[in-house]
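Visitor: no letters, just coordinates:
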């Protein structure tokens, strides 16, 4: 089984009825020259990479940009049509006065399975005091948080909010909260490794293609930025397969990862086992 | 007289030979043009329009040969983030293979039908799929 834990469903045609809203998504997320895609196109793309399921990420930018780059109801709508293919995440703007009500609705009513936050885009530090109730709410519902970490291509995203070290005290203070710092927190791969070997509740994902080809980029992360055995020796249970579609195509990330030597149990964990544990917690 | 039709198709693999011979012939026969020319033109830069014999073994040989000429792993300049897309390029093999294939083909039209050899099938060749694709078929004549 292969689970892609990082997809932005900006162009899923079932939620593209409103052209103005689609334009807002494109300009706010920073992705252009693509258009609405039907489910048959999306599934063909998934099948090209042998992707069985994909986690869909919204982003609530109500106070910082005046809207959402896909909202929680739209995520729930997509999942309701194809629950066998999609895992729905929620988002919330931490600056909203009704942030906890938004999360109660997302987790309690919509049954979304995790929370997506982007500190640079949403303008907060992970240790800001107003984040505590949000962390508590995720623990209450046993939901993980997927944070953007490291470089972001989205416009108006100061990277200072996304340095991996900025998340360390969240892991210390909330050992029961599973958090993923996406994109290997690139370019801070060593810092990301440091956090994973210290904190078993910290995860990262493989959607790292900021330079070079997929093969070159993934080989660099897994064999140069990290020692070639670090992943399977020290934190093979903490990395999630992820593509970051529509910026990067999943089958190309998968093709590159297939070429990285690793033991079978580590590959199985990378491709699906870790995603399941991240979503549900230890059995 | 000029008649323009668009064939919409969907590739399901990264590289795929999609035989569109029957669709092109039908467009010509329904166009009303009796004598002239038909042009088949892809709307994309990582697909090709290819005329060749419609045999799976020929498709395999063409695909294998193109992959030797244009290997997947090579230091392509296009392998980087494209700010105007907000996405990475990383499809140079598709761009280059499409140049070998060409973006169009032409056939004469006589008495309302395409004049071609018996082994000449028309393909849209996908080099960067899966994707939804469009092919323009323009019939020109009298």
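Guide: Sure thing, it's come through. None of the values given here were measured: they were computed from a predicted structure.

Visitor: now residue A:262: closest residue in space that isn't a chain neighbour?
Guide: Take residue A:262 and drop its neighbours on the chain: the residue closest to it by C-beta to C-beta, 6 or more residues apart in numbering or on different chains is residue A:232, 5.0 Å away. Every residue, glycine included, has its C-beta placed from N, CA and C.

Visitor: how close does that neighbour get to chain B?
Guide: Note on residue A:232: its distance to chain B, by C-beta to the nearest C-beta, to the nearest Å, is 23 Å.

Visitor: the helix or strand hosting that residue - contacts with which helices or strands?
Guide: Taking DSSP states H and E as the criterion, the element that holds residue A:232 is helix A:230-234. Helices and strands in packing contact with helix A:230-234 are listed as helix A:189-198; criterion 3 or more C-beta pairs under 8 Å, 6 or more residues apart in numbering or on different chains; DSSP states H and E.

Visitor: now do the buried residues in the helix it packs on.
Guide: Within helix A:189-198, the residues that qualify as buried by neighbour count (16 or more other C-beta atoms under 10 Å in any protein chain shown) are A:189, A:191-193, A:195-196.

Visitor: C-terminal to it, what's the next element?
Guide: From helix A:189-198 onward toward the C-terminus, using DSSP H and E, the following helix or strand is strand A:202-205.

Visitor: list the buried residues in whichever helix or strand comes after that next one.
Guide: Counting by DSSP H and E, the element after strand A:202-205 in chain order, helix or strand, is helix A:214-220. Residues of helix A:214-220 classed as buried by neighbour count (16+ other C-beta under 10 Å): A:214-219.

Visitor: the residue nearest to residue A:262: neighbour count?
Guide: Other residues within reach of residue A:232 by the criterion other C-beta atoms under 10 Å in any protein chain shown amount to 19.

Visitor: kindly identify which of the buried residues of helix A:189-198 also come near chain B.
Guide: Among those, no residue is within reach of chain B (C-beta under 8 Å from any C-beta of the partner chain).

Visitor: just the strands in the chain please.
Guide: Answering for chain A, as no chain was given. In order along the chain, chain A carries the following strands (DSSP state E): A:3-7, A:53-56, A:60-61, A:67-68, A:86-88, A:90-91, A:115-117, A:145-147, A:179-181, A:202-205, A:239-240.

Visitor: chain B, not that one
Guide: Counting by DSSP E, the strands of chain B are B:2-10, B:16-19, B:36-42, B:47-52, B:81-82, B:87-88, B:104-110, B:113-114, B:121-126, B:132-141.

Visitor: could the ones you listed be laid out in CSV, adding mean pLDDT, mean neighbour count and distance to chain A?
Guide: Compiled in CSV, the strands of chain B are given as follows (pLDDT from 0 to 100; neighbours: other C-beta atoms under 10 Å in any protein chain shown; distance: least, C-beta to the nearest C-beta, whole Å):
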stretch, mean pLDDT, mean neighbour count, distance to chain A
strand B:2-10, 98, 14, 7
strand B:16-19, 98, 18, 10
strand B:36-42, 98, 20, 17
strand B:47-52, 98, 22, 15
strand B:81-82, 92, 16, 6
strand B:87-88, 88, 23, 5
strand B:104-110, 98, 16, 23
strand B:113-114, 98, 16, 30
strand B:121-126, 98, 24, 11
strand B:132-141, 98, 19, 6
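
Visitor: want to throw the ones you listed into CSV with distance to residue A:240?
Guide: Shown next, in CSV, are those (distance: least, C-beta to C-beta, whole Å):
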stretch, distance to residue A:240
strand B:2-10, 29
strand B:16-19, 30
strand B:36-42, 37
strand B:47-52, 33
strand B:81-82, 22
strand B:87-88, 20
strand B:104-110, 44
strand B:113-114, 52
strand B:121-126, 30
strand B:132-141, 29
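
Visitor: hey, what's the residue nearest in space to the middle of chain B bridged with?
Guide: The C-alpha lying nearest the average C-alpha coordinate of chain B belongs to residue B:49 (C-alpha atoms, centre = their mean; 2.5 Å). According to DSSP bridges, the residues that bridge with residue B:49 are residue B:124.

Visitor: quick one: contacts for it?
Guide: Shown in contact with residue B:49 (C-beta atoms under 8 Å, 6 or more residues apart in numbering or on different chains): B:40-42, B:101-105, B:122-125, B:135.

Visitor: and the gap between residue B:35 and residue B:110?
Guide: Here residue B:35 is placed at a distance of 6 Å from residue B:110 (C-beta to C-beta, to the nearest Å).
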